[in-house]
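Asker: Structural data only, the sequence is not supplied:
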C-alpha cells in the first residue's frame, strides 16, 4: 500500500512540474501588423521597422506578401527567417537562441530542433559508431529553413522578398499559415 501512495505522489509531483513548465515564462514576440500592406521600395525591399525598435525587442514577426517571417537581432546582427519551423511548424519567434560550435541557432520551442540564424541549416547531434570512442558532434541536415536578406538603411530595417524559385522545407508551413492571421503569428 505504501508503494502505491509513493507512486501516486511521484506522478502527482511530475504532473505539477509539467504544468509549471508549460505555464512558465514565455518569450514574447512583437508583431508588426503594418507590414501586411507595407509598401515595397523602388529597389524591391520591404520595410520591416525601425532599427532601434527591433534592437530593443530582440525579435519581431512580420508579414511579407502574406508570408510570416521573424527578424532577430542577436550579437550585433540582424537575421530573418520564415517564422514557422521546417519540422512541424513551431513558432520560432518563441524559441531561445543558443550558440552551437560558434553558430547562433534558434531552438524551436516545440521539438527543440536547432536552426542556424545565418544559413537556415538544421543541426543535430550525432555520433559515428565506427569511431573507437564515439562522441556526439553537431552535424548539418542541410538548409531546411528559408532565410531572408536583411538590409539596414538610415535606421530602417528592410527585408528582400523571397526567391520562390528555390524551395525549402519551411515553405510548407509558410504556405500553411499564410492566411492564419494572429493564430499563425503564435498568439
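Answerer: Thanks, I have it. As the structure is a prediction and not an experimental result, all values here were calculated from the model. Numbers count the residues shown, from 1 in each chain.
Asker: Quick one: residues contacting the closest residue to residue 104 other than its chain neighbours.
Answerer: Leaving aside its sequence neighbours, residue 104 sits nearest to residue 117 (CB to CB, 6 or more residues apart in numbering; 4.6 Å). (Glycine included, C-beta is placed from N, CA and C.) Counting by CB atoms under 8 Å, 6 or more residues apart in numbering, residue 117 makes contact with 72, 74, 77, 79, 81, 97, 103, 104, 105, 106, 147.
Asker: now do residue 128
Answerer: Contacts of residue 128 by CB under 8 Å, 6+ apart are 134, 137.
Asker: go again using 10 Å as the cut-off
Answerer: Contacts for residue 128 were tallied using CB atoms under 10 Å, 6 or more residues apart in numbering; they are 134, 135, 136, 137, 139.
Asker: Please identify the buried residues of stretch 91-99?
Answerer: Within stretch 91-99, the residues scored as buried using 16 or more other CB atoms under 10 Å are 91, 92, 93, 94, 95, 97.
Asker: cool, and stretch 167-178?
Answerer: 168, 169, 170, 171, 173, 174, 177.
Asker: Just the closest of the contacts of residue 128 to residue 87, please.
Answerer: The shortest approach to residue 87 among those belongs to residue 139, at 15.8 Å (CB to CB).
Asker: does that closest one belong to a helix or a strand, and which?
Answerer: Assessed by DSSP states H and E, residue 139 sits inside strand 137-143.
Asker: by contact count, what packs against that strand?
Answerer: Counting contacts by 3 or more CB pairs under 10 Å, 6 or more residues apart in numbering; DSSP states H and E, strand 137-143 packs against strand 103-107, strand 114-116, strand 121-126.
Asker: Please work out which of these is packed deepest.
Answerer: For those, the largest average neighbour count (mean count of other CB atoms under 10 Å) is found in strand 114-116, namely a mean of 23.
Asker: Check which helices and strands it is in contact with.
Answerer: Counting by 3+ CB pairs under 10 Å, 6+ apart, strand 114-116 packs on strand 77-82, strand 96-100, strand 103-107, strand 121-126, strand 137-143.
Asker: I'd like these laid out as JSON lines, including distance to residue 161 and mean pLDDT.
Answerer: Formatted as JSON lines, those follow (distance: least, CB to CB, whole Å; pLDDT from 0 to 100):
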{"stretch": "strand 77-82", "distance to residue 161": "11", "mean pLDDT": "97"}
{"stretch": "strand 96-100", "distance to residue 161": "25", "mean pLDDT": "97"}
{"stretch": "strand 103-107", "distance to residue 161": "21", "mean pLDDT": "97"}
{"stretch": "strand 121-126", "distance to residue 161": "22", "mean pLDDT": "96"}
{"stretch": "strand 137-143", "distance to residue 161": "18", "mean pLDDT": "95"}
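Asker: I'd like to know which of those lies nearest to residue 152.
Answerer: Closest of these to residue 152 is strand 77-82, at 6.8 Å (criterion: CB to CB).
Asker: Appreciated, that's everything.
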